[in-house]
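K.L.:
my questions concern the predicted model and sequence given below.
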Amino acid sequence: MTIKIVFFDLDGTIVDNQTDQVPISTIQSIKALHSKGIQVVLATGRSYFFTKSVGRLLKVQNFINCSGSYVRLGHEEVYKDPISQNDFDHLVQICSLNGDHLSCFGVEDSYSNGLAKEVALPILKNIDCHEIPSIFPHRKVEYMGMCLFLSNGNINDYHNISTELQFLPLGRKHSKRI
């Protein structure tokens, strides 16, 4: 059997969780796969915005991002399933009322409603992520993923926004990922 393609997660697989860096041995292994003509895909829950620097480092051009809601093969987007504008508007409204933090991740952009430095960056650490702009743009952005950090609100405030959104725990006691 000939191997033609391999898929790798980022956190703890490609990127060392202790150093937040790609080990030299990983770079060499990916290079060896390329030399054998094997396609490499980075598959992660993170957005393309957060993974493209790792792809450049490894010379990988194939991505499955935001748990499958965005797929890029080479320079071509082959699949996108953004969060609807209506769901996004409802999320922003409820977050504003509750004082909860919302970070949103598009293909090329990332935005938050103001608490990114204090709340999101320590959790969303990444090689190429030092800042998340703390204002939503006035132009339309297609968001592939979002992270909701509860401060004052209750997760039940968010469950009825849409049947399309799924809230998953991120690991901290009061954080939920959408």
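P.N.:
Cool, the structure landed.

K.L.:
okay, CA-based contacts and neighbour counts for the rest of this
P.N.:
Fine.

K.L.:
so after the lengthiest helix in the chain, what's the next helix or strand?
P.N.:
The longest helix of the chain (DSSP state H) is helix 85-98. Past helix 85-98, further along toward the C-terminus, the next helix or strand under DSSP states H and E is strand 101-106.

K.L.:
CA atoms of that next one as PDB?
P.N.:
Listed next in PDB are the C-alpha coordinates belonging to strand 101-106 (Å, rounded to 0.1, in the frame of the first residue of the first chain):
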ATOM      1  CA  HIS A 101     -15.900  38.100  25.700                       C
ATOM      2  CA  LEU A 102     -16.200  36.900  22.100                       C
ATOM      3  CA  SER A 103     -13.200  36.200  19.800                       C
ATOM      4  CA  CYS A 104     -14.100  35.600  16.200                       C
ATOM      5  CA  PHE A 105     -11.800  33.900  13.600                       C
ATOM      6  CA  GLY A 106     -12.100  34.400   9.900                       C
END
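
K.L.:
what pairs with the helix or strand that comes right after that strand, and is each one parallel or antiparallel?
P.N.:
With elements assigned by DSSP H and E, the helix or strand that comes after strand 101-106 is strand 110-112. Sheet pairing for strand 110-112, assigned by DSSP bridges, gives strand 101-106 (antiparallel).

K.L.:
just want the angle from the partner strand to helix 85-98.
P.N.:
Orientation of strand 101-106 against helix 85-98 (axes from the mean of the first three to the mean of the last three C-alpha atoms, to 10 degrees) gives an angle of 160 degrees.

K.L.:
state the number of residues packed around the residue found closest to residue 21 once you drop the neighbours it is linked to in the chain.
P.N.:
Among residues not flanking residue 21 along the chain, residue 15 sits closest, at 5.3 Å (C-alpha to C-alpha, 6 or more residues apart in numbering). Residue 15 has 18 neighbours, counted by other C-alpha atoms under 10 Å.

K.L.:
which ones are touching residue 15?
P.N.:
By C-alpha atoms under 8 Å, 6 or more residues apart in numbering, the contact set of residue 15 is 21, 22, 23.

K.L.:
is it true that residue 106 touches residue 49?
P.N.:
Yes: look at residue 106 against residue 49 with C-alpha atoms under 8 Å: they come within range, at 6.8 Å.
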